[in-house]
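>>> What shape does this take:
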Amino acid sequence: MPTGLYDLDKVLGGLQKSDLLIVAGRPGMGKTGFLLSVAKNAAQKHRKHVAMFSLEMSNEQLVQRLIAQETNIDTQRLRTGKLADHEWELFTQATEVLGDTPIWLDDTPAITPLQLRTKCRRLHMEYGLDLVIIDYLQLMGSDSRTDNRVQEVSFISRSLKVLARELNVPVLTAAQLSRAVEQRTDKRPILSDLRESGSLEQDADIVMFIHRPDALEKDDVSQTFAELIVAKHRNGPTHSGIGLRFNNKLAKFENAAREPDGAYGREPQRAGAKK
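Purely as a prediction, here's the structure:
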């Protein structure tokens, strides 16, 4: 299943069935934007059925971001409703398009692996799921009887891998990184930065890190260069940094523009989601 990010697809071969994929980063790196970009591409362009479970944002906020990606109207103006006449027309068109897009949104707080499995199995039986997305792993509750958070996170990651195998679909989840990355001179994340890691690295088939150097230096960057580091790839190559473009105002990842020599340039180049 293509992600829509061409250079990432070249490395991964798209999202593979039964894989558990983790995309991690510090707060503000664009993890939710990445998940939504992948979800929208899969559901809208390829008509794949996507279930997205958000433990951090409400369904309304997610739909707002999907509309921003569809219309190229920044999220701040969508929140305030200060739109020009032609933008209201774009807004109306976007809600119709997204309403016909097979994405199911669920914002159950602290959802447990068992609850997640029950919901996914029901959707899979009724519609045929193709992709499960979670935002994000460390906010999930646990069905395990332990007070040790590392053990709980390990239980959650194992449960997600079992779900991917059981439904034979890719499960893509965001994860938080520890503050250790901020204490180093080199801010590029490494596998040991996974917060409450437990068995995250072991259970995941693919571990990716979002790294936006400009975001660490500037407070308000609307269009910025980003790197997606493929730190673990069980069945294929890793990559030290796939160039992408992140539009902060639209919370949207896009393919990076290329210079003539093939190097990545830094210049910039549906909402009734179903539950």
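>>> quick one: buried residues of stretch 87-101?
Buried residues in stretch 87-101, counted by 16 or more other C-beta atoms under 10 Å: 90, 91, 94, 95, 97, 98, 101. C-beta: built from backbone N, CA, C; applies to glycine.
>>> Test my guess that the fifth one contacts residue 44.
Okay, so that is residue 97. Yes: when contacts are counted by C-beta atoms under 8 Å, residue 97 is listed as touching residue 44 (7.5 Å).
>>> Helices of this structure, start to end?
With DSSP state H as the definition, the chain shows helices at residue ranges 6-12, 31-40, 46, 59-71, 75-80, 85-99, 113-126, 149-167, 200-203.
>>> So for the shortest one, mean pLDDT?
If I follow you right, that is helix 46. Across helix 46, the average pLDDT comes to 91.
>>> what sits up against that helix?
Where contact means C-beta atoms under 8 Å, 6 or more residues apart in numbering, the residues beyond helix 46 that reach it are 1, 2.
>>> ok, 10 Å please
1, 2, 4, 14, 130, 131 (C-beta atoms under 10 Å, 6 or more residues apart in numbering).
>>> about what we covered before: nearest to residue 240 among the helices of the chain would be which one?
With C-beta to C-beta, the closest approach to residue 240 among those belongs to helix 6-12: 10.8 Å.
>>> Go ahead and name everything in contact with that closest one.
With C-beta under 10 Å, 6+ apart, helix 6-12 has contacts from 1-3, 5, 14-15, 19, 21, 34, 38, 170, 205-206, 208, 228, 230, 233, 235-239, 242-244, 253, 255-256, 258, 264.
>>> list the buried ones in that helix?
Buried, per 16+ other C-beta under 10 Å, within helix 6-12: 7, 8, 9, 11, 12.
>>> ok, now stretch 45-61?
Quick answer for stretch 45-61 (16+ other C-beta under 10 Å): 48, 49, 50, 51, 52, 53, 54, 55, 57, 59.
>>> so how far is residue 17 from residue 164?
8 Å (C-beta to C-beta, to the nearest Å).
>>> and the two? which has more neighbours close in?
Each of residue 164 and residue 17 has its neighbours counted (other C-beta atoms under 10 Å); residue 164 has more, 22 against 14.
>>> dump the residue contacts of the closest residue to the more buried one other than its chain neighbours.
The shortest distance from residue 164 to any non-neighbouring residue, by C-beta to C-beta, 6 or more residues apart in numbering, is to residue 171 (4.2 Å). Listed by C-beta under 10 Å, 6+ apart, the contact set of residue 171 reads 15, 18-22, 51, 116, 120, 131-134, 159-165, 204-205.
>>> Return the set of residues that bridge with residue 171.
residue 20, residue 132 (DSSP bridges).
>>> Need the overlap of contacts for residue 164 and residue 17.
Common neighbours of residue 164 and residue 17 (C-beta under 10 Å, 6+ apart) are residue 170.
>>> shaky segments in the chain?
195-198, 215-223, 257-275 (pLDDT under 70).
>>> Just want the most central residue of it.
By C-alpha atoms, centre = their mean, the mean C-alpha position of the chain lies nearest to residue 35, the distance being 2.0 Å.
>>> rewinding a little: for PyMOL, write a command that selects the buried ones of the contacts of helix 46.
Buried residues among the contacts of helix 46 (16+ other C-beta under 10 Å), as a PyMOL selection:
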select buried, resi 1+2+4+130+131
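>>> Name the nearest of the contacts of helix 46 relative to residue 105.
Once C-beta to C-beta is applied, the member of the contacts of helix 46 that ends up nearest residue 105 is residue 131, at 13.1 Å.
>>> ok, now which ones touch the residue lying closest to the closest one once chain neighbours are set aside?
Leaving aside its chain neighbours, residue 131 sits nearest to residue 50 (4.6 Å; criterion: C-beta to C-beta, 6+ apart). Counting by C-beta under 10 Å, 6+ apart, residue 50 touches 1, 35, 38-44, 101-105, 123, 129-133, 169, 172, 273-274.
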